[in-house]
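# Generate a structure from the sequence data that follows.
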Amino acid sequence: MGKKILDSKALYVVLSVLLAFAAWLFVTSKDSTKDSERFAHLPVEFTGEEILEERGLMIVNRDVKATITVQASPTVLAVLKREQPRLVANVANISTDDTHVVNYRVILPNGVKETDVEIIYSGPGGLGGSAVSVEVARALSRKVRIEGEFQGTVAEGYLAGDNDDFRFDPVELLISGRADLVNQVSHAKVIVTGDNLTETVSNAFPFQLIGASGDPLELGISCDVDAVYTVFPIRATAEIPLKVNIVPGGGLSEKDVKLRLSDSSITVAGTREAVDALAGEGELVLGTIDLAELDDNLAQSGGEVTFSIPLADELENLSGITEVTALLSVNKRVETRTFQVTSRISTINAPEGWTPTIITQVLPVRVRGPEALLDELTEESIRVVADLKDINQAAGKYTVPVTIYLYSAATSSDVGVVTPRTYSIVVSLARDG
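Residues are numbered from 1 along each chain as shown. Purely as a prediction, here's the structure:
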């Protein structure tokens, strides 16, 4: 029984202490005696900035801060220490670019009433009350071009592109900020670096804003991207020999002529694959000189023939030579004669059921060679044959190409027909029966 009583007294003691503490808290919270707490350098938040933007304005000094002192009960101050008051200023009424004084209001945390506190303001720079100084300037957004600069090195046998070869994504940069600062920017620059490069560079790179003087700028304005995707070509190079082929004919062979090119080679650049493919061919063939197609002046005295330089789209001609002149010298004395062929004109491979009639009665054929060999030729030495295998099987007259056969004791390289692929005759086709 005594232990129960002892236990009851202990319980009463505990309850008494708790009740006393609760009473103390109640009295303290309602005590008219207040403590002070200084909240220094609180950031000022701005509202109404969208209105400024519509007016083409912007806040320059965004890091505005203010200091307040709060008088309140210890309990309230304990809450404010955990969650500091917020300072909010409305700038919607500003309509000019200038320095303005605006008032801010104090936003208390949840659970703290305005009647629970007394606020003492400390305006910065001599400003009184809840006032701060806000600098407003004209805003501007505009696009500027992007340029590139290569400051690296390439491996031997490779060539870096020119500044014009840079490719960017995006192609322009949108910059925004104070108009007086934005207008200082001439362009943006991407700098590509690297050592002994052998492949085209393609990556996202940072950029610099450049002023009219060409120097980098540090202006504190914003850009729509943080990096620019940049492609800059690194190309393989090779020296490629040039060649012009010679086809014998018209009484001339390769040993009868000498050919000299104004340029014997060019240097090309391109992808490694394209350069290797061309180099693997050993030489670049510019074209062909068919000796049977030479006009009389060239065949007798020689002269110049001009060729353009053909390259695949993947290759660039670094030499800058667009044409090559082939100087042709003829070391064989030849002349050209015309023979009127009349009796030895015929056709072959006439379509079944059709009869051809040769309309052309005389075909002049030009033959070139040394005078002595031409003296041995007659009309009977030349035969003209038209192959009708591809002729249209319908009645009518048709112009048909012919093959010229030259019968001579001399070889084809000594005497030959001039422009042999240009001859034709007219044939009439009629159905049998």
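
# and Thr115, that's in a helix?
Yes: the assignment for Thr115 is a helix, going by DSSP: H, G, I helix; E, B strand; the rest coil.

# quick check, Val79 in a helix?
Yes: Val79 sits within a helix when classified using three-state DSSP.

# Heading C-terminal from the worst-scoring helix or strand of the chain on mean pLDDT, find the next helix or strand.
Among the helices and strands of the chain, helix 2-29 carries the lowest confidence by mean pLDDT, DSSP states H and E, at a mean of 53. Sequence order places strand 35-47 as the next helix or strand after helix 2-29, per DSSP states H and E.

# Next secondary structure element downstream of that following strand?
Once strand 35-47 ends, the next helix or strand along the chain (criterion: DSSP H and E) is helix 49-54.

# what residues does that following helix touch?
The contact list for helix 49-54 (CB atoms under 8 Å, 6 or more residues apart in numbering) reads Met58, Ile59, Val91, Ala92, Ile94, Val136, Ala139. C-beta: built from backbone N, CA, C; applies to glycine.

# List the ones among those residues that fall in strands.
Met58, Ile59, Val136, Ala139 (DSSP state E).

# Which one (most neighbours) among the residues you listed?
When the ones in strands among the contacts of helix 49-54 are compared by neighbour count (other CB atoms under 10 Å), Val136 ends up highest, at 22 neighbours.

# Now do the same for that residue: its pLDDT.
Val136 carries a pLDDT value of 95.

# That one and Ala92 touch, don't they?
No: applying CB atoms under 8 Å as the test, Val136 and Ala92 come out as separate, 11.8 Å apart.

# before we move on, back to that, quick check: the farthest pair among the contacts of helix 49-54?
Ala92 and Ala139 (15.5 Å; CB to CB).

# Including distance to Ile175, could the ones in strands among the contacts of helix 49-54 go into JSON lines?
Shown next, in JSON lines, are the ones in strands among the contacts of helix 49-54 (distance: CB to CB, whole Å):
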{"residue": "Met58", "distance to Ile175": "13"}
{"residue": "Ile59", "distance to Ile175": "18"}
{"residue": "Val136", "distance to Ile175": "19"}
{"residue": "Ala139", "distance to Ile175": "11"}
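
# Show me which of these is closest to Val257.
Proximity of the ones in strands among the contacts of helix 49-54 to Val257 (CB to CB) peaks at Ala139, which lies at 76.8 Å.

# Name the nearest residue to that closest one, sequence neighbours excluded.
Excluding the flanking residues, the one nearest Ala139 by CB to CB, 6 or more residues apart in numbering is Met58, at 3.9 Å.

# can you check Pro85 too?
Val106 is the one closest to Pro85 (CB to CB, 6+ apart), at 5.0 Å.

# quick one: low-confidence parts of the protein?
By pLDDT under 70, the low-scoring segments of the chain are 1-32, 123-128, 412, 433.

# mind listing the helices for it?
2-29, 49-54, 74-82, 179-182, 272-280, 296-301, 371-375 (DSSP state H).

# ok, and for the shortest one, which residues are buried?
If I follow you right, that is helix 179-182. Buried residues in helix 179-182, counted by 16 or more other CB atoms under 10 Å: Ala179, Leu181, Val182.

# ok, now the fifth one?
By neighbour count with 16+ other CB under 10 Å, helix 272-280 contains the buried residues Ala274, Val275, Leu278, Ala279.

# Wait, the third one touches Glu314, no?
No: with contact taken as CB under 8 Å, Leu278 and Glu314 are classed as non-touching, separated by 9.4 Å.

# what sits against the nearest residue to Glu45 once chain neighbours are set aside?
For Glu45, ignoring the flanking residues on the chain, the nearest one in space by CB to CB, 6+ apart is Val88 at 4.9 Å. Neighbouring residues of Val88 by CB under 8 Å, 6+ apart: Val44, Glu45, Phe46, Thr47, Tyr104, Arg105, Ile107.

# Switch those residues over to a markdown table; also include neighbour count.
Formatted as a markdown table, the contacts of Val88 follow (neighbours: other CB atoms under 10 Å):
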| residue | neighbour count |
| --- | --- |
| Val44 | 19 |
| Glu45 | 13 |
| Phe46 | 18 |
| Thr47 | 11 |
| Tyr104 | 24 |
| Arg105 | 12 |
| Ile107 | 10 |
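
# With respect to Phe207, which of these is nearest?
The closest of the contacts of Val88 to Phe207 turns out to be Phe46 (CB to CB; 29.8 Å).

# and the closest one, what are its bridge partners?
Counting by DSSP bridges, Phe46 is bridged to Ala89.

# same check, this time on Lys143
Leu174.

# Near it, how many other residues are there?
Neighbour tally, Lys143, other CB under 10 Å: 13.

# Contact partners for it?
Contact partners of Lys143, counting by CB under 8 Å, 6+ apart, are Glu172, Leu173, Leu174, Ile175.

# Ala78 and Gln84, how far apart?
Ala78 is 12 Å from Gln84, where distance means CB to CB, to the nearest Å.

# which of those two has more neighbours?
It is Gln84, of Ala78 and Gln84, that has more neighbours when counted by other CB under 10 Å, with 15 against 12.

# ok, that one to Ile68 distance?
10 Å.

# got the contact list for Asn61?
Taking CB under 8 Å, 6+ apart, one finds Ser133, Val134, Glu135 in contact with Asn61.

# Buried members of these into PyMOL, please.
To isolate the buried subset of those in PyMOL, counting by 16+ other CB under 10 Å, use the following:
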select buried, resi 134
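
# all strands for the stretch 251-400 of the chain, in order.
Secondary structure of the stretch 251-400 of the chain (DSSP state E, counting those that start in this stretch): strands located at 257-261, 265-270, 284-290, 303-308, 315-317, 323-330, 335-341, 345-348, 354-358, 363-369, 382-387, 396-406.
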